[in-house]
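**Student:** Structure for this input, please:
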Amino acid sequence: MTDTQTQKEAVCTAIDDHRDDIIELAKAVEEEPELGYKEHATTEKVTAAFETMGLEIERDLAITGARASTDLETSADEFTIAVLGELDALVNWEHPKADPETGACHACGHHAQLANLIGTAYGLSSAGILDRLHGAVEFIAVPAEEYLDLEYRRSLVNDGEIELLGGKQELIKRGYFDHVDCAAMIHADADTPEREILTRSSTNGFIGKFVTYRGQSSHAGAAPEEGVNALNAAMLGMNAVHAQRETFADEDNVRVHPILTKGGEGVNVVPADVRMESYTRAKSIQAVNDANDSVNRALESGAMAVGADISIEDYPGYLPFQTNKTMIEVYEANAVDELGSAAIDTHDPHTTGSTDMGDITQIIPGIHPMIGGFEGTPHTPEFRAVDDEMAYIIPAKLTACMIVDLLADSETKQEIRRQKEQKYSPEDYLTLIREMRRSVSGEYLSD
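**Tutor:** Alright, predicted model coming up:
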């Protein structure tokens, strides 16, 4: 038996020894869901687990969040792998585990990501492997992946507490990935209760959008002719967006899905202040920017048509996700050993959702395999874990074993560093997404 194989068996045994701790943490996080940049209790749960492992810990990386390692002063020359887990929940009031006051729930499986994060850390630290690896491993609990609760996040931006709405984006800006060579995390797969894994995929990127239409209020029954109906402007704007859809190329996978967040003050008053939010998603950065220009033009046309004013605030959303083939091949080999080849799906679909793991993979190689053990579609009331072993334990073993393999192979590490050099530097990345922050306005409301 090779030394690497011996280490992997020790890691998996250590994870089994901490099985109850890992599952208990996942369920405790699930029972106390918190939204992005508010995950204080969740951060405490994760750091408490890191403390039992004797790891160095840095807390509150960006309001919340934490990272841990045997030595947080990693040399830039040392090959470093980051294992990531997302702290935040999303809002779905109909989910059976939704917080009754906030509607927050873990309907996207982020509690399982934290099980993977903590389980991997237990495996490598408890087996005494961390100090013997030819490289460093950092365990990072990241805030605010779900792009929501945006008025709160914009208040954080206005107060100077953050610059970027996504947690991984903010951590990139703060330099937490400057020395990292590659990153790994997992995600719950949709409608996959079986012990199966979709290892490869890609995702859309997007720009986030806040839209305000301003009209003139008047009595809706007695004198509507004296008003300028901002709701009508918004409806025309949305219909103009719909008219753009046939112009989007199929291969760009464009998705635009606006919602009204404020439609008026009362049914007997012509609406003068109407608010919308939207994403403009597409498969490539260029396609996102091109589609977004069309969407903004269409939204402005609604204001022009009724003589209202419009302001559009564009914020950088997330960039497209790319699976790294070098890393995923090592992950897949371990997955086949654990689950058998029939359980591993490598067909590499493109999905039209988005994740800020995409931003990470624009600057360093990374993977984001989709894990079985869950029923229901993410973000719906039906979503839930149905197999504790598959949802919480097996992914940690696969992540830990991949790390052992990667750090034992100098040629693979060199190849990953060559691939990293072909990506955006953190500085170029920040320039790119800051260019997505734009304001558009149109003034058609007469005094």
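**Student:** residues contacting residue 112?
**Tutor:** Residue 112 sits next to 26, 186, 188, 371, 373-374, 385, 391-392, 395 when contact means CB atoms under 8 Å, 6 or more residues apart in numbering. Yep, even glycine has a C-beta here, placed from its N, CA and C like the rest.
**Student:** An error on my part: the question was meant for residue 382.
**Tutor:** Residue 382 makes contact with 375-376, according to CB under 8 Å, 6+ apart.
**Student:** any idea which of the contacts of residue 112 is closest to residue 78?
**Tutor:** Comparing the contacts of residue 112 against residue 78 with CB to CB places residue 186 closest, at 24.5 Å.
**Student:** What is the burial count for that closest one?
**Tutor:** Residue 186 has 28 neighbouring residues, counting by other CB atoms under 10 Å.
**Student:** Isn't residue 146 up against residue 34?
**Tutor:** No - counting by CB atoms under 8 Å, residue 146 does not reach residue 34; the two are 10.9 Å apart.
**Student:** which one is residue 15 nearest to, not counting chain neighbours?
**Tutor:** Distances taken as CB to CB, 6 or more residues apart in numbering place residue 123 nearest to residue 15, at 4.2 Å, with adjacent residues excluded.
**Student:** Which pLDDT value goes with the one you found?
**Tutor:** Listed pLDDT for residue 123 reads 97.
**Student:** Three-state assignment for it, please.
**Tutor:** helix (DSSP: H, G, I helix; E, B strand; the rest coil).
**Student:** Can you show me the strands along the stretch 1-150 of the chain?
**Tutor:** Assigned by DSSP state E, counting those that start in this stretch, the stretch 1-150 of the chain shows strands spanning 56-62, 64-69, 80-86, 90-91, 104-105, 136-142.
**Student:** coming back round to it: so what sits against both of residue 146 and residue 34?
**Tutor:** 88-89.
**Student:** returning to that earlier point: residue 180 is nearest to which of the strands of the stretch 1-150 of the chain?
**Tutor:** Ranking those by proximity to residue 180 (CB to CB) places strand 80-86 first, at 4.7 Å.
**Student:** That closest one - which strands sit beside it in the sheet, and in what orientation?
**Tutor:** Here strand 80-86 is paired, per DSSP bridges, with strand 136-142 (parallel), strand 182-184 (parallel).
**Student:** all strands of the stretch 201-350 of the chain, in order?
**Tutor:** Using DSSP E, counting those that start in this stretch, strands in the stretch 201-350 of the chain cover 202-203, 205-214, 255-256, 259-262, 273-282, 309-316, 344-345, 350-351.
**Student:** now what about the fourth one, what contacts it?
**Tutor:** The contact list for strand 259-262 (CB under 8 Å, 6+ apart) reads 234, 273-278.
**Student:** and the residues you listed, which are buried?
**Tutor:** 234, 274-278 (16 or more other CB atoms under 10 Å).
**Student:** Identify the farthest-apart pair in those residues.
**Tutor:** Across these (CB to CB), the longest gap, 13.2 Å, separates 274 and 278.
**Student:** so residue 199 touches residue 371, yeah?
**Tutor:** No - Residue 199 lies out of contact with residue 371 (CB under 8 Å); the separation is 9.8 Å.
**Student:** Between these two, point out the one with more neighbours.
**Tutor:** The neighbour comparison of residue 199 against residue 371 (other CB under 10 Å) goes to residue 371, with 28 against 21.
**Student:** My guess is that one contacts residue 190. True?
**Tutor:** No - if you go by CB under 8 Å, residue 371 and residue 190 don't touch, sitting 10.9 Å apart.
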